[in-house]
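Colleague: Model the structure of this input:
(one chain, ligands or ions: 1)
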Amino acid sequence: MSQKNFRLQNPETGKDQELPTMSGSVGPDVVDIRGIYAAEGVFTFDPGFASTASCESKITYIDGGQGILMYRGYPIEQLAKESSFIEVAYLLLYGELPSGEQLDTFDQSIRTHTMINETMLRLFNGFHYDAHPMAMVAGVVGSMSAFYHDTTDIQNPRHRDIFAQRIIAKIPTIAAAAYKHSAGQPFSYPRNDLSYAGNLLHMFFSVPAEPYEIDEVAEEALDLLFILHADHEQNCSTSTVRLAGSSGANPYSAIAAGIAALWGPAHGGANEAVLRMLTEIGSVDRIEQYVAKAKDKDDPFRLMGFGHRVYKNFDPRATLIREACHKVLAKLGRVDTPLFDLALRLEEIALKDEYFIEKKLYPNVDFYSGIIYRALGLPTSMFTVMFAIARTVGWVSHWTEMIADKDGRIGRPRQLYTGPVKRDYQPITKR
Ligand code: CMC
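Modeller: So this is what the prediction gives:
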């Protein structure tokens with residue numbers, strides 16, 4: 001608790017109410033308004049939560065003005081350079097970097113839980129071949145609550161840990177099954193001798209008819225993207241997981257809710273939307289026209305991959321990804337280089353434009369991630385699924401933190417009601 005207090009005056013009674021502030025380890029203080037309704041009979045109003053800290057958390061810190069992102073205090077730049085996705089997953093889940101032995105045990109546990117119940121595979125046959133993979137993944141992850149209900153006593157820390165490791169291990173398998181279903185190819189079973197990213201590439205791209213060799217550049221790029229996407233504090237999907245989980249709901253259902261929230265184009269669906277937008281723009285000479293559309297108040301079009309609720313200077317993940325993008329395209333030498341050139345030109349034009357400067361709209365992580373996924377050979381509809389695989393670690397870490405908090409309460413916001421006041425029911429003949 002900080003020493004500073006905010007004073008709120010009730011205009012009707014003239015009475016002052018002292019509102020205590022709380023300080024985190026870093027970042028702005030928060031005004032504790034929990035007692036305000038009981039004392040003053042008023043709610044606070046912040047529909048997009050732009051000024052609201054919805055919970056206390058020790059996992060991820062963002063300073064949007066400075067472009068800082070840290071997982072458990074470690075800067076994202078250091079983790080991207082020195083760490084691996086599995087180590088980052090351990091860090092986010094358990095709070096500290098693992099010792100060599102702890103990392104081996106964790107890695108081994110994730111590797112040996114990659115298979116899914118065979119019956120779950122049959123669920124995919126219920127989906128049409130052109131079902132969006134995010135719909136399939138959300139549905140099948142939700143179904144895990146029916147398959148693994150033996151270990152979902154959420155008050156039991158061991159059960160929580162089994163859930164965490166199970167979902168992290170199995171989500172790539174579910175994603176790959178969705179992809180194979182769309183592609184009309186046989187499912188490739190996981191290979192536990194491969195890394196997390198390597199196994200994912202194997203499950204996506206290997207076919208029984210010929211040997212498949214994992215490209216190290218692709219494996220490295222995927223691992224980096226997963227690190228960058230692993231967590232982002234109280235974003236829309238993580239808040240959804242927390243809210244759904246706060247009722248004591250089955251944790252797999254809470255993750256499925258997070259996947260559904262991530263799918264939206266304002267959130268994780270932006271990487272897919274960026275690729276569609278770049279394809280629609282098509283050539284450098286049409287960029288100006290699309291920038292003008294984005295600036296037009298009467299046109300709902302937005303430049304996808306630009307802007308962020310929190311980052312108002314630059315998105316540190318975008319800086320790291322931009323470099324990786326160059327590397328991947330250079331090494332893989334894929335045909336999409338013109339698309340990347342178009343993206344760079346769009347970035348250049350938008351960054352010099354008064355509208356984007358004034359509104360502090362910079363390219364975000366999703367501006368580049370889709371280009372890498374495309375270079376790896378993934379279809380556009382799978383991009384957000386890739387994001388979901390990485391973010392599962394963040395969702396699970398936040399869910400675990402929330403459930404382990406003994407003072408936790410169900411999330412239940414209030415509202416500013418602007419509907420009709422009381423009126424009497426009229427029989428249909430009188431309406
Ligand atoms: N293109 C054109 N104008 C924009 C854009 C854009 N991409 N983003 C924001 N604006 C304008 C917006 O019209 C508004 O203008 P005005 O003040 O005149 O009404 C102003 O900038 C502020 O926008 P906002 O919608 O109030 O900002 P927000 O914080 O609510 O939304 C956002 C943030 C990311 C949803 C939004 O910038 C956006 O829709 N961007 C495109 C989608 C996108 O790339 N999303 C991925 C986010 S990063 C990955 C993730 O974390 O999921």
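Colleague: what does the model give Met1 for pLDDT?
Modeller: pLDDT for Met1: 51.
Colleague: which bits of the stretch 1-150 of the chain sit near the ligand?
Modeller: Gly48 (CB under 6 Å from any ligand atom). Bear in mind the C-beta positions are built from the backbone N, C-alpha and C, glycine included.
Colleague: and the residue of the stretch 1-150 of the chain found nearest the ligand, helix, strand or coil?
Modeller: Taking CB to the nearest ligand atom, the ligand has its nearest neighbour within the stretch 1-150 of the chain at Gly48, 5.7 Å off. What DSSP: H, G, I helix; E, B strand; the rest coil gives for Gly48 is coil.
Colleague: quick one, what contacts it?
Modeller: Arg309 (CB atoms under 8 Å, 6 or more residues apart in numbering).
Colleague: Against Ala261, how distant is it?
Modeller: Distance of Gly48 to Ala261, given as CB to CB, to the nearest Å: 14 Å.
Colleague: Same check on Cys236?
Modeller: Taking CB to CB, one finds Cys236 at 5 Å from Ala261.
Colleague: Next secondary structure after the longest helix along the chain?
Modeller: The residue-count maximum for a helix in the chain (DSSP state H) belongs to helix 157-183. Going down the chain from helix 157-183, the next helix or strand is helix 196-205, by DSSP states H and E.
Colleague: how about that following helix: buried residues?
Modeller: Tyr196, Ala197, Gly198, Asn199, Leu200, Leu201, His202, Met203, Phe204, Phe205 (16 or more other CB atoms under 10 Å).
Colleague: what distance separates the helix or strand just after that helix from the centre of its chain?
Modeller: Remark: after helix 196-205, the chain's next helix or strand is helix 216-229, criterion DSSP H and E. Once both centres are worked out by CA atoms, centre = their mean, to the nearest Å, helix 216-229 turns out to sit 16 Å from its chain's centre.
Colleague: Mind checking the pLDDT average for helix 216-229?
Modeller: Averaging pLDDT along helix 216-229 gives 94.
Colleague: does the ligand sit close to it?
Modeller: No. Applying CB under 6 Å from any ligand atom, one finds helix 216-229 separated from the ligand by no less than 8.5 Å.
Colleague: Repeat that for stretch 347-359.
Modeller: Yes. For stretch 347-359 and the ligand, the contact criterion (CB under 6 Å from any ligand atom) is met by Lys359.
Colleague: Just list the residues touching the closest residue to the ligand within the stretch 301-431 of the chain, thanks.
Modeller: Among the residues of the stretch 301-431 of the chain, Gly307 lies closest to the ligand, at 2.4 Å counting by CB to the nearest ligand atom. Going by CB under 8 Å, 6+ apart, Gly307 touches Lys359, Leu361, Tyr362, Asn364.
Colleague: do Asp223 as well
Modeller: Contacts of Asp223 (CB under 8 Å, 6+ apart): Ser84, Phe85, Ser195, Tyr196, Ala197.
Colleague: for Phe187, same thing?
Modeller: Leu121, Ala176, Ala177, Lys180.
Colleague: could you dump those to JSON lines with neighbour count and pLDDT?
Modeller: Shown next, in JSON lines, are the contacts of Phe187 (neighbours: other CB atoms under 10 Å; pLDDT from 0 to 100):
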{"residue": "Leu121", "neighbour count": "17", "pLDDT": "94"}
{"residue": "Ala176", "neighbour count": "27", "pLDDT": "98"}
{"residue": "Ala177", "neighbour count": "22", "pLDDT": "97"}
{"residue": "Lys180", "neighbour count": "19", "pLDDT": "97"}
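Colleague: Between all of those, which two are separated the most?
Modeller: Greatest spatial distance in these: Leu121 and Ala176, 10.7 Å, computed using CB to CB.
Colleague: tell me the pLDDT at the closest residue in space to Glu347 that isn't next to it in sequence?
Modeller: The spatial neighbour of Glu347 that comes closest, neighbours along the chain excluded (CB to CB, 6 or more residues apart in numbering), is Pro363 at 5.3 Å. With respect to pLDDT, Pro363 has a value of 89.
Colleague: same thing with Leu339?
Modeller: 81.
Colleague: in which helix or strand would I find it?
Modeller: Going by DSSP H and E, Leu339 is in helix 337-352.
Colleague: helices or strands next to that helix in the packing?
Modeller: helix 270-281, helix 287-295, helix 316-332, helix 365-375 (3 or more CB pairs under 8 Å, 6 or more residues apart in numbering; DSSP states H and E).
Colleague: Single out the most deeply packed of these.
Modeller: helix 365-375 (a mean of 27; mean count of other CB atoms under 10 Å).
Colleague: for that one, packing partners?
Modeller: Going by 3+ CB pairs under 8 Å, 6+ apart, helix 365-375 lies up against helix 216-229, helix 270-281, helix 316-332, helix 337-352, helix 383-404.
Colleague: can you tell me which residues contact Asn364?
Modeller: Counted by CB under 8 Å, 6+ apart, Asn364 has contacts Ala270, Gly305, Phe306, Gly307, His308, Tyr311, Asp315, Arg317, Ala318.
Colleague: Please tell me how far the nearest residue to Ser84 once chain neighbours are set aside sits from Tyr368.
Modeller: Closest residue to Ser84 apart from its sequence neighbours, by CB to CB, 6+ apart: Asp223 at 6.0 Å. Using CB to CB, one gets 16 Å for the distance from Asp223 to Tyr368.
Colleague: Next secondary structure after the longest strand along the chain?
Modeller: Ranked by residue count under DSSP state E, the longest strand found in the chain is strand 16-22. Proceeding N to C from strand 16-22, the next assigned helix or strand is strand 30-31, under DSSP H and E.
Colleague: got the contact list for that following strand?
Modeller: Contacts of strand 30-31 (CB under 8 Å, 6+ apart): Phe6, Leu19, Pro20, Thr21, Met22, Gly24, Ala53.
Colleague: For the last one, give me its contacts.
Modeller: Listed by CB under 8 Å, 6+ apart, the contact partners of Ala53 are Val30, Gln234.
Colleague: Helix or strand for it, just tell me which one.
Modeller: Using DSSP H and E, no helix or strand contains Ala53.
Colleague: what pLDDT does it get?
Modeller: At Ala53, pLDDT is 96.
Colleague: ok, it to Ser206 distance?
Modeller: 45 Å.
Colleague: before we move on, what about Lys430?
Modeller: For Lys430, the distance to Ser206 - CB to CB - is 69 Å.
Colleague: which of those two has more neighbours?
Modeller: Each of Lys430 and Ser206 has its neighbours counted (other CB atoms under 10 Å); Ser206 has more, 19 against 6.
Colleague: which phi and psi does the more buried one have?
Modeller: Here is the backbone geometry of Ser206 (degrees, to the nearest 10): phi -80, psi 150.
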